[in-house]
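Enquirer: Quick one, fold the following:
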Amino acid sequence: MTHRVSLVALVVAGVCSIAFVRPVSAQAAGEGSVLYRLELLQAAPGRLLDLIDSCKKRATLATAAGEASPVIMRHSQGDHWDLALLWPMGDWAGYYDQARAARRAEAVKAAGLTAADVDRQLDALVDWHEDLYLRGPAVEALRAHVKGAGLLHYEMMRALPGKRDPLIEERRMENAFNRNRGRGETLIFVREAGAAWDVVTLGVYRNWQQYAESESIPKETSEAAARKAGFPSADGVGPYMRTLISTHRDTLGPQIVPGP
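Expert: Residues are numbered from 1 along each chain as shown. Reported below is the predicted structural model:
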């Protein structure tokens, strides 16, 4: 579902996957119940730096209201969007609770803005906008996962009809495959509402060099790790995943830490 969503809903009315950080548990990776909003933005021509600055300011408004700061990624390679903001929400009822919404409204007012101002500022900087609401791990697990990461990696998949649950299990298997060969894991997020993506994973790396280090893993190590995780072979990991999906996108880019 590609559309423009009012920023008021965020601020006021309602403000293959190899990681370097410590491995996460299967429950944290694949069975999280915390609600997140993944906001994908493509900047208007010539306005990317302005959009980045605007997103940092929106993150500041959120934290001023007591909300969790988003994880922000700037596209470097992959899909066409420029920025991804992963906003922790908690749950629907809590996020739109009257008192919590009032705190977001007060943070906007304290910044000398109105809800309409914030919405107009974003609208002037964005050419394309997509929102996806996902269930994922605890916010603490997300923070630990991205801490110190210079490079983020989103994989976004649409499952074939009837294949969403097998796809989620495949993502867990791939985490086990990487863990078994001495690599980290991704966090797994599952669609609840919004855009068409069914499963999204978030991997992290220190830098581009570390992203490429999987090429140095001995073949026999990868083969044993794949079989232990339930795959027929290391070369069979990708082909099996593709029996479960209709569409797949990879996007990599640096993490932007919100702040002044």
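Enquirer: only C-alpha atoms for contact and neighbour calcs from this point on.
Expert: Noted.
Enquirer: Find the nearest non-adjacent residue to Trp128, please.
Expert: Gln42 (5.0 Å; Cα to Cα, 6 or more residues apart in numbering).
Enquirer: now that neighbour, what's its secondary structure?
Expert: strand (DSSP: H, G, I helix; E, B strand; the rest coil).
Enquirer: What ranges does the stretch 101-250 of the chain have for its strands?
Expert: For the stretch 101-250 of the chain, the strands defined by DSSP state E, counting those that start in this stretch occupy 126-136, 151-159, 187-194, 199-205, 245-256.
Enquirer: Now do the last one against strand 199-205, angle only.
Expert: Computed with axes from the mean of the first three to the mean of the last three Cα atoms, to 10 degrees, the direction of strand 245-256 lies at 40 degrees from that of strand 199-205.
Enquirer: Out of the strands of the stretch 101-250 of the chain, indicate the one that is most buried.
Expert: strand 199-205 (a mean of 25; mean count of other Cα atoms under 10 Å).
Enquirer: what bits of the stretch 151-260 of the chain have low per-residue confidence?
Expert: Counting by pLDDT under 70, the stretch 151-260 of the chain has low-confidence residues at 259-260.
Enquirer: switch the cut-off to 80
Expert: By pLDDT under 80, the weakly predicted segments of the stretch 151-260 of the chain are 258-260.
Enquirer: Domain boundaries for the protein, per the record?
Expert: 8-15+34-136, 141-255 (automatic domain parsing).
Enquirer: Distance from the first one to the middle of the chain?
Expert: Yep, that's domain 8-15+34-136 we're talking about. Centroid displacement of domain 8-15+34-136 relative to its chain, using Cα atoms, centre = their mean, to the nearest Å, is 13 Å.
Enquirer: what about Leu142, how many neighbours?
Expert: Neighbours of Leu142 under the rule other Cα atoms under 10 Å: 19.
Enquirer: Ok, Glu213 next?
Expert: Around Glu213 there are 11 residues (other Cα under 10 Å).
Enquirer: where's it relative to Asn207, distance?
Expert: Using Cα to Cα, to the nearest Å, we find Glu213 at a distance of 10 Å from Asn207.
Enquirer: who touches the nearest residue to Ala107 once chain neighbours are set aside in this structure?
Expert: Sequence neighbours aside, Ala65 is the residue nearest to Ala107 in space, at 5.4 Å (criterion: Cα to Cα, 6+ apart). Ala65 makes contact with 103-104, 106-107 under the criterion Cα atoms under 8 Å, 6 or more residues apart in numbering.
Enquirer: List the buried residues for stretch 70-85?
Expert: Under the neighbour-count criterion of 16 or more other Cα atoms under 10 Å, stretch 70-85 has 70-76, 81-85 buried.
Enquirer: Show me what it is in contact with.
Expert: Taking Cα under 8 Å, 6+ apart as the rule, stretch 70-85 contacts 37-43, 48, 52, 59, 86-88, 128, 152, 249-258.
Enquirer: measure that stretch end to end?
Expert: First residue to last in stretch 70-85 (Cα to Cα) measures 6 Å.
Enquirer: what's the answer for stretch 180-199, then?
Expert: End-to-end for stretch 180-199, by Cα to Cα: 22 Å.
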